[in-house]
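> give me the fold of what follows.
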Amino acid sequence: MNDILQQSVAQQLTMRGVIDKFFKQTFDNTCKALEALDGKQFSEKSWNRDQNGHWTVGETTKEAVYIDRILHNGNVLEKVGVNYVAIEGELPPGMSFHKSGALATDVADRITTSKANRYFATGSSFVIHPHNPMAPTAHTNYRYFEICHNHQPVYWWLGGGADLTPAYLFEEDAIHFHQVHKQVCDQYNSSYYPQFKKLCDEYFHIPHRGEHRGIGGIFFDHLNNDNPQKLLSFVTNCANAFIPAYMPIVEKRKDMYFTQANKYWQHLMRGRYVEFILSCDRGIRFGLASGMVKEESVFNCMPPAASWEYDDQPIPGSQEAILKEVLKNPRDWL
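Numbers count the residues shown, from 1 in each chain. The predicted model follows:
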């Protein structure tokens, strides 16, 4: 049993509070930074959940806090969908962790699902789609999840990461994004960046296309193999690294010249983004099955416009073809 599970229930609740406060602060701070970049403010909708598990718009409760924010048709950003959640309750009896993909098989075997288990989950998520096709889409999400049985924690983990999905590849942007995250990883463990970069490439993969969703970043899940305070510090610094990793790229690309053909290619790349969310994202599947993710939030992270075309092969040697080759064969950027 790992360190955090050896703590008292009171200590565990304190840890929950620290984590929850951090994710809410990160949520607010990142929204403010995006508003400063764009000049337009987010609209917000808060939700609560009744005793029957139904979500309604209104004041949040102690048991369930769910906030969706959206910035649509801004000056720089075409759409930004964000959400924050802090929720506890019972997992549906008989829920299959194997089927959801939320837990590794050996972990799922150790958790009783014949009876409902209590859970606590908190985290924040951002999906950013700029107007200019020269500026990449970005995604960042960090979360904490805990499962209890008979009021005792039986498993917990931290997870998340950040990645880029460009329509047009600028190598210096990829290097900058990866370098900022590597610097954070190296402060804690020199094996983190290569490990989490590889996991990111593997996770954000679209099997039916044989392509990756973008040019990667870092991704990890079920992180609980060290002192919880150290891991929380690591996740905190990773989340705080997103703004300096991404904002300079958007500032550099937001006013670049582009054509309607460039915009159409951006829409084709956004189509891949939709495909991944609907067919590959195990977090979405698990969240919907458990009731922890609202259906509206799935659409909140979708791009504002996307296109599909039969056999959309770019001209050999073109910028589009260069990107597609990278999507098929991920590079080591550093």
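> quick one, helices of the stretch 1-150 of the chain?
Remark: helices of the stretch 1-150 of the chain, listed N- to C-terminal, are 9-38, 97-100, 105-110; assignment by DSSP state H, counting those that start in this stretch.
> comparing the ones you listed, which yields the minimum mean pLDDT?
Among those, helix 97-100 carries the lowest mean pLDDT, a mean of 44.
> put the alpha carbons of stretch 231-247 into CSV.
Once non-C-alpha atoms are left out, stretch 231-247 reads as follows in CSV (Å, rounded to 0.1, in the frame of the first residue of the first chain):
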residue,chain,number,x,y,z
LEU,A,231,3.9,14.3,-7.0
LEU,A,232,1.5,17.1,-6.3
SER,A,233,4.3,19.6,-6.6
PHE,A,234,5.3,18.0,-9.9
VAL,A,235,1.7,18.2,-11.3
THR,A,236,1.4,21.8,-10.0
ASN,A,237,4.5,22.9,-11.9
CYS,A,238,3.5,21.0,-15.0
ALA,A,239,0.1,22.8,-15.1
ASN,A,240,1.8,26.1,-14.5
ALA,A,241,4.2,25.4,-17.4
PHE,A,242,1.4,25.4,-19.9
ILE,A,243,1.1,29.2,-20.2
PRO,A,244,4.8,29.9,-20.9
ALA,A,245,4.9,26.8,-23.2
TYR,A,246,1.9,27.8,-25.4
MET,A,247,1.2,31.5,-25.2
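> which parts of that stretch are buried?
Buried residues in stretch 231-247, defined by neighbour count with 16 or more other Cβ atoms under 10 Å: 231-232, 234-236, 238-243, 245-247. To be clear about C-beta, it is placed using only N, CA and C from the backbone, and glycine gets the same treatment.
> tell me the SS of Leu322?
Not Leu; residue 322 is Ile. For Ile322, the secondary structure call by DSSP: H, G, I helix; E, B strand; the rest coil comes out as helix.
> do the one 5 residues further on as well
In the three-state summary, Leu327 is assigned as helix, counting by three-state DSSP.
> for Arg272, see how far away it is.
Here Leu327 is placed at a distance of 8 Å from Arg272 (Cβ to Cβ, to the nearest Å).
> what residues are shared contacts of these two?
With contacts taken as Cβ atoms under 8 Å, 6 or more residues apart in numbering, Leu327 and Arg272 have 211, 213 as neighbours in common.
> now the stretch 101-250 of the chain, which segments are flagged as low pLDDT?
Residues of the stretch 101-250 of the chain meeting the criterion pLDDT under 70: 101-116, 149, 151-153.
> show me where it has its strands.
Using DSSP state E, counting those that start in this stretch, the strands of the stretch 101-250 of the chain run over 118-130, 137-149, 152-165, 205-206, 211-212, 216-223.
> packing partners for the third one?
Under the contact definition 3 or more Cβ pairs under 8 Å, 6 or more residues apart in numbering; DSSP states H and E, strand 152-165 sits against helix 105-110, strand 137-149, helix 171-188, helix 192-203, strand 216-223, helix 228-253, helix 260-279.
> out of the ones you listed, which gets nearest to Trp47?
Of all the helices and strands packed on strand 152-165, the one in closest proximity to Trp47, counting by Cβ to Cβ, is strand 137-149 (17.5 Å).
> just want the angle from the closest one to helix 260-279.
What separates the directions of strand 137-149 and helix 260-279 is an angle of 10 degrees, with axes from the mean of the first three to the mean of the last three Cα atoms, to 10 degrees.
> and strand 137-149, which strands flank it?
In the sheet containing strand 137-149, the strands it pairs with under DSSP bridges are strand 118-130 (antiparallel), strand 152-165 (antiparallel).
> so how far is the longest one off the chain centroid?
In terms of Cα atoms, centre = their mean, to the nearest Å, the centre of strand 152-165 is found 10 Å from the chain centre.
> so for that strand, what gets flagged as buried?
Quick answer for strand 152-165 (16+ other Cβ under 10 Å): 153-165.
> one more: stretch 255-268?
Of all the residues in stretch 255-268, those buried under the rule 16+ other Cβ under 10 Å are 258, 262, 264-268.
> Phe196: which of these is nearest?
When the buried residues of stretch 255-268 are compared against Phe196 (criterion: Cβ to Cβ), the nearest one is Gln266, at 27.3 Å.
> which non-adjacent residue is nearest that closest one?
Setting aside the residues directly before and after it, Gln266 is nearest to Pro133 in space (Cβ to Cβ, 6 or more residues apart in numbering), at 3.6 Å.
> next one: the one you found from His139, what distance?
Here the criterion is Cβ to Cβ. By it, Pro133 lies 17 Å from His139.
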